[in-house]
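how would this look folded up:
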Amino acid sequence: MSPAWSGHDVDTEAAAYWAKRIAAALAAAAIVQAVAAAYRSAQASGSTDQASLAAILAAQGVTTLIAAALLQQLAQVHAEGAAIGREAAEAAVTGGSVDWSDWQPGDPPADAVAGLVALEMGERAAAQAMAQSRVNALARKLAAASQNGQVDAAGIARDELSDPGDAHQVALTEIVLASSAAAIAVYQRHGVQWHRWVTERDGKVCAICRANAKAGPVRVGMPFPSGDLMPPIHPNDRCGTVPAHMPQGGSRG
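Numbers count the residues shown, from 1 in each chain. Sure thing, here's the model as predicted:
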């Protein structure tokens with residue numbers, strides 16, 4: 001029987017903690033004011049359709065401001081996730097358990113992401129992509145509101161950027177990403193050659209993750225049936241991987 005993935009014990013608590021901070025960072029006064037100023041410019045030029053608004057928001061630095069706020073948060077979220085993944089993976093390798101009783105979210109070790117080069121390199125691109133998505137959503141909301149008369153651009157920005165569900169999705173998904181990257185590093189350091197996909201079994205597991213879990217052991221560094229090397233494979237994915245014995249024949253992966 002494969003060891004349990006202890007990251008499931010704390011991932012949602014960590015996500016809840018960081019979601020609040022992500023929402024607050026994105027709804028900061030500087031960003032909200034920049035959105036309002038960009039809308040006033042668009043209104044003055046009669047350019048309140050969605051495409052024009054998206055271009056004006058970007059031109060006036062809104063995308064850059066959001067990306068910078070996200071980048072700062074992602075660095076901390078990834079550190080938290082990596083610390084969780086490292087502890088959970090060490091326990092999975094040794095067959096022990098993690099005592100989370102003294103753990104509190106929000107204070108990850110400064111060196112938690114040390115050595116996870118791909119994770120650190122990907123942060124800027126991830127922040128930029130998320131920022132662009134949010135600017136597109138803002139443009140859509142502002143354009144729709146402009147069809148109905150007076151627009152509270154600041155209010156729309158504040159509501160859109162501080163959406164708790166969206167912030168939680170980012171926090172949880174990025175925690176799992178960092179946790180998985182840290183786990184793989186632990187397995188490689190210990191010479192673990194095979195691992196298997198484990199789900200939370202909470203009734204929310206998608207068919208793709210379920211298929212990855214049913215596939216059994218896969219060589220570390222090779223793809224699971226979904227084509228992914230590790231979780232997450234979709235937003236809010238809470239899966240992990242744990243060491244496993246080589247399958248009969250040893251050819252999978």
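
Would you mind listing the residues in contact with Arg238?
With contact taken as CB atoms under 8 Å, 6 or more residues apart in numbering, Arg238 is in contact with His8, Asp11, Thr12, Leu172, Val176, Thr199, Glu200, Asp202, Pro231, Pro232. Where C-beta positions appear, they are placed from N, C-alpha and C, glycine not excepted.

now do Ala143
Counting by CB under 8 Å, 6+ apart, the residues that Ala143 touches are Thr48, Asp49, Gln50, Leu53.

about what we covered before: among the contacts of Arg238, which one lies nearest to Glu120?
The shortest distance between Glu120 and any of the contacts of Arg238, using CB to CB, involves Val176 and amounts to 16.6 Å.

from what I can see the closest one touches Asp11, true?
Yes - Val176 lies in contact with Asp11 (CB atoms under 8 Å); the separation is 6.6 Å.

before we move on, what SS does Trp197 have?
Following DSSP: H, G, I helix; E, B strand; the rest coil, Trp197 is assigned to strand.

With adjacent residues omitted, what lies nearest to it?
The spatial neighbour of Trp197 that comes closest, neighbours along the chain excluded (CB to CB, 6 or more residues apart in numbering), is Asn212 at 4.0 Å.

Kindly report the same for Ala28.
Sequence neighbours aside, Ala69 is the residue nearest to Ala28 in space, at 6.5 Å (criterion: CB to CB, 6+ apart).

swap in Asn136?
Residue nearest to Asn136 in three dimensions, not counting chain neighbours: Ala54, with 5.7 Å by CB to CB, 6+ apart.

Tell me how far the helix or strand where the one you found lies lies from the chain's centre.
In the assignment (DSSP states H and E), Ala54 maps to helix 50-59. Remark: helix 50-59 is offset 26 Å from the chain centroid, using CA atoms, centre = their mean, to the nearest Å.

and it, which residues are buried?
Within helix 50-59, the residues that qualify as buried are Gln50, Leu53, Ala54, Ile56, Leu57, Ala58, counting by 16 or more other CB atoms under 10 Å.

Return the residues in contact with the last one.
Taking CB under 8 Å, 6+ apart as the contact definition, Ala58 lies against Val135.

The residue nearest to Trp197 - how many residues pack around it?
One way to gauge burial is a neighbour count; for Asn212, by other CB atoms under 10 Å, it gives 27.

packing partners for the strand or helix carrying it?
Using DSSP H and E, Asn212 sits within helix 207-214. When contacts are defined as 3 or more CB pairs under 8 Å, 6 or more residues apart in numbering; DSSP states H and E, helix 207-214 sits against strand 194-198.

got the contact list for the strand it packs on?
For strand 194-198, the external contacting residues (CB under 8 Å, 6+ apart) are 2, 4-5, 187, 209, 212-213, 215-220, 224, 231, 239-247, 253.
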